[in-house]
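> Fold the following, please.
(chains A, B, C and D)
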2 protein chains.
Amino acid sequence: MLNIGDVAGQGGVTVETLRYYEREGLIEAPDRDANGYRKYAPEVVRQIQFIKRAQDVGFTLKDIKELLSLKADPGASCRDVRARAEGKISEMGEKIVMLQRMKAVLADWAAACPDAGPVDQCPILDALDQETEGHHGSR
Amino acid sequence: MLNIGDVAGQGGVTVETLRYYEREGLIEAPDRDANGYRKYAPEVVRQIQFIKRAQDVGFTLKDIKELLSLKADPGASCRDVRARAEGKISEMGEKIVMLQRMKAVLADWAAACPDAGPVDQCPILDALDQETEGHHGSR
DNA sequence: GTAACCCTTGAAGTATACTTCAGGGTCAAG
DNA sequence: CTTGACCCTGAAGTATACTTCAAGGGTTAC
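Predicted structure coming up:
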C-alpha cells in the first residue's frame, strides 16, 4: 500500500493533483489508514498514467472521466470509445485549420512589414485597422 | 457621441465586454455625461474592431494591449510590431504541430478499433493503459 | 526528542475572457 | 406619469486544471 506521496512520485503528478482528481471523481477515494492517511493500491499509479496519457493525446479531464466510465462499464462497446476519439479528432482538425488560417494571415502581414520604419506605417497595424474588409471568415 | 449600447451594437460586442475592456485598460475610460453615462467618440467603434480583428488572428487581450501601446508610441518601430506577430506565428506553429501529432496518434488508435466488441478489448483504451511504451515524446 | 518531512482539511488563488447578478438610477414614448 | 429600454456599480460566477495557503497532526532518522 502506498502513501499519496508515493503515488504522486511514481505517477508523475503532485499530491495536490491526486487529491484534486479524487475530488473530481477521476480516481476513487482510497481507504484511509488509522492516522487518516490515504492508502493506495499500486494499480492506482497506472490509473494516473492512463489519465496523463489521455491528456497527452488531447482529452480533457471531463472527457477522461467519460472514458473511465466506459472502461468500467461491461455493457459499453468499443464503438463508444471510438466515437469519443473521433469527436476529439475532428475537434483537433478544426483547431488546426483555424490556427493555420490565422497563422497564414499573420505571416502575410509580417512579410509586408519592413523591419524598420515607424509604427504609423506598419502594415500589420494597418491591416488590423482595416474596415471590415479582408475579413472573409463568415462566422 | 455614442452611448455604450451604440458602441456595443456597432462594434459587435456587448456592453459588459466594453466595460470589461475599459477595466482592463484596452480602451480608455471615456468622459461621462451629467447622468454618469459613458459618452464615446465614434472612433471607439474602430478601436473595438481593431481588438476583435487582433483576436481573430490569435492575439490575446494581453498581446493586444501591447500592440495598442506600440501603436500609440511614436518612438516604436514597425519591427516591434513585427516581432509580436512573429512570436505569435511560431507559437501557433508549435500548437499546430502538437495538435497534428495528437490527432495522428488518436487516428491510428481509432483505426485499430473495431466498431463492435466490448470495451475490455478496445485498442484505444489498451493504448492508454500501456506502460510508458509507445510514448515517443521526449518531454 | 527534535528536526525534517509526510499527511490532513477547506478555502482561496491563477490565467483567460468574459458573463451574470443584485440593486438601483435615467430616458424616451405614449 | 408610467412603462420599458437603457445606464450605473461592485462583486461573484463560468470553464479548465490545477496550485497555494493556512493551520495543524503524524512519522522517521539520528
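> in chain A, what residue is nearest DNA strand C?
Using Cβ to the nearest atom of the strand, the single residue of chain A nearest to DNA strand C is residue A:5, 2.7 Å away. For glycine as for every other residue, the C-beta is placed from the backbone atoms N, C-alpha and C.
> which regions of chain A sit below the pLDDT cut-off?
A:131-139 (pLDDT under 70).
> Show me which positions of the longest helix along chain A end up buried.
If you go by DSSP state H, chain A has its longest helix at helix A:78-111. Within helix A:78-111, the residues that count as buried by 16 or more other Cβ atoms under 10 Å in any protein chain shown are A:78, A:80-82, A:84-85, A:88-89, A:92, A:96, A:99, A:101-103, A:105-107, A:109-110.
> Tell me which other helices or strands that helix touches.
helix A:61-72, helix A:123-129, helix B:78-111, helix B:123-129 (3 or more Cβ pairs under 8 Å, 6 or more residues apart in numbering or on different chains; DSSP states H and E).
> will you turn the ones you listed into JSON lines that also has distance to residue A:50?
Shown next, in JSON lines, are those (distance: least, Cβ to Cβ, whole Å):
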{"stretch": "helix A:61-72", "distance to residue A:50": "8"}
{"stretch": "helix A:123-129", "distance to residue A:50": "44"}
{"stretch": "helix B:78-111", "distance to residue A:50": "14"}
{"stretch": "helix B:123-129", "distance to residue A:50": "5"}
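> how does chain A divide into domains?
Per the record, chain A has its domains at A:1-58, A:77-131, by automatic domain parsing.
> Save the ones you listed as a markdown table, and put in distance to residue B:45 too.
Output for those, formatted as a markdown table (distance: least, Cβ to Cβ, whole Å):
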| stretch | distance to residue B:45 |
| --- | --- |
| domain A:1-58 | 38 |
| domain A:77-131 | 11 |
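> Which stretch among the ones you listed approaches DNA strand D most closely?
Of the domains of chain A, nearest to DNA strand D by Cβ to the nearest atom of the strand is domain A:1-58, at 3.5 Å.
> Could you work out the end-to-end span of the closest one for me?
Length of domain A:1-58, first residue to last, Cα to Cα, to the nearest Å: 31 Å.
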